[in-house]
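Colleague: Pasted the sequence and its predicted model underneath.
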Amino acid sequence: MPEAPEVEAVTQALRPLILGQTIRECRVVHPISVKPYSAESLAKSLHENRIEEVTRMGKYLVLRLASGILTFHFKFDGRILLFDATPPGSIHVDALLTLDSVTLGFVDPRHLGRMNWHESADAAPSLSKLGIDIFSPDFTGVALASILNNSRLPLKLALTDQSKLAGIGNIYSSESLWHARLDPRRSSNELTPEETRRLHKAIVSTAHRALECCSDPAPNFRDPEWWFSDLTPILRVYGREGRRCRRCSGSIKRIQQGGRSSFFCPDCQR
DNA sequence: CCTGCTACCTGATGGC
DNA sequence: TGCCATCAGGTAGCAG
C-alpha cells in the first residue's frame, strides 16, 4: 500500500513512540512474514536489542538497533499497530515486538509484507539496491536528468524502478506525470531539459503534498481501522478512468504498463 | 547490464 | 446466492 510519503509519515509519527526502547521479546505468529529468514533467527537477533534510530529508506521503514537493523516493507496491505498488551484475538497479527512501554504489531493478512533483520543496510540486498530517495537533497533536477537519460523505459516504468529512484509507486507516478503534463508512455531518454525540470518539480511537490496529507491527521497506530484511508482529496488522476480531467476536461484513460495500471489524460499529457 | 514476465498472497468487487 | 474473473499504493527471481 504505502509509497515513500506514507512510510515517511509513519516513520515520523512512530519515532517518539518507540525510540530508545529495548525489544524484550519477538513473537512471530505467521513465519511467512519474516521470510526468507526463520522466526528463531529473527527472535535471537532482536532479543534485548535497543532501538537507536527510526528512519526510512525508499518504501522501507528501518529501525537501527544497537546491533543491526530491522526493516519493514508493507507491500500492498502491511501495517503497524501498537497495543498496551496482547492484542485481541479478533485482530490478525503476523508478528509482535514487546518493547518497554508498548507492543508493536506487524500486520499483513495478505502476507506479502516482510519484517527482516540485517547486520547493516549495506548487507541488506533490498536496501543496498535502492536508488536516490525522492525526499533526499541529492534528488535534484540534474540527478533526475541523469536517471532518465540513461533509460529507454517509458517514464512510468523508470519512475517506479526503485533501483533508479526510491519511493515512488503506482499512485504517485501517475500523479507526478499528470502534474508535469507528460505522457507516461514517453521514452525516458527523449525528454527535453525543460520537460525534465518540470517532472522533477512535479515529483517533489507531489511527494511533499502527500506527506502533509498523510501527517494530518497524524497516524494513529492504536486504531486497527486507521491506515491512510482517505487519499482521494489530493489525487488528480489516479483511479479516475473515464472521468473528466481536472485541468482540461479531457477523458482520463487507464492503460497497462509493466502489468500495472497507469492513469493519464491523453489531451493534456504529451 | 538491461528489460520483461511471473510468482508470491488474500480479500473485495462486479458481472453473469 | 454462487461462481468466476479482475484488481490491488510491490518486489524478487529468473530468462532472454
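Modeller: It's in. These numbers were taken from a predicted model, which means no experiment stands behind them. Residues are numbered from 1 along each chain as shown, chains lettered A, B, ... in the order given.
Colleague: So what does the residue in the stretch 151-270 of chain A positioned nearest to DNA strand B have for phi and psi?
Modeller: Closest approach between the stretch 151-270 of chain A and DNA strand B, counting by C-beta to the nearest atom of the strand: residue A:152, at 4.0 Å. All C-beta spots, glycine's among them, are computed from the backbone N, C-alpha and C. Main-chain dihedrals, residue A:152, degrees, to the nearest 10: phi -100, psi 0.
Colleague: again, but for the one 10 residues further on
Modeller: With angles defined as degrees, to the nearest 10, residue A:162 sits at phi -70, psi -20.
Colleague: For stretch A:109-128, C-alpha coordinates in CSV please.
Modeller: Once non-C-alpha atoms are left out, stretch A:109-128 reads as follows in CSV (Å, rounded to 0.1, in the frame of the first residue of the first chain):
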residue,chain,number,x,y,z
PRO,A,109,-3.3,-10.5,6.2
ARG,A,110,-2.2,-10.9,2.7
HIS,A,111,1.3,-11.9,3.7
LEU,A,112,3.2,-10.1,1.1
GLY,A,113,4.8,-7.7,3.6
ARG,A,114,8.1,-8.5,5.4
MET,A,115,9.9,-7.8,8.6
ASN,A,116,13.6,-8.7,8.4
TRP,A,117,16.8,-8.2,10.4
HIS,A,118,20.1,-7.5,8.7
GLU,A,119,23.6,-6.7,10.0
SER,A,120,23.6,-3.4,8.2
ALA,A,121,21.9,-1.5,5.4
ASP,A,122,24.8,-2.4,3.1
ALA,A,123,24.3,-6.1,4.0
ALA,A,124,20.6,-5.9,3.1
PRO,A,125,20.2,-6.7,-0.6
SER,A,126,16.9,-4.9,-0.8
LEU,A,127,18.2,-1.7,0.7
SER,A,128,21.6,-1.6,-1.0
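Colleague: Could you pull out the buried residues of it?
Modeller: Across stretch A:109-128, burial judged by 16 or more other C-beta atoms under 10 Å covers A:113, A:114, A:115, A:116, A:117, A:118, A:121, A:124, A:126, A:127.
Colleague: My understanding was that residue A:268 contacts residue A:245; is that so?
Modeller: Yes. Applying C-beta atoms under 8 Å, one finds residue A:268 in contact with residue A:245, separated by 6.2 Å.
Colleague: Who has more neighbours out of the two?
Modeller: Legend: neighbour count by other C-beta atoms under 10 Å for residue A:268 and residue A:245, higher for residue A:245 (20 against 16).
Colleague: Pick out the residue of the stretch 151-270 of chain A closest to DNA strand C.
Modeller: residue A:169 (2.0 Å).
Colleague: Mind listing what's buried along stretch A:262-270?
Modeller: Under the neighbour-count criterion of 16+ other C-beta under 10 Å, stretch A:262-270 has A:262, A:263, A:264, A:265, A:268, A:269 buried.
Colleague: Not counting that stretch itself, show me its contacts.
Modeller: Contacts with stretch A:262-270, where a contact means C-beta atoms under 8 Å, 6 or more residues apart in numbering, come from A:156, A:170, A:173-174, A:177-178, A:181-184, A:237-241, A:245, A:247-248, A:250-256.
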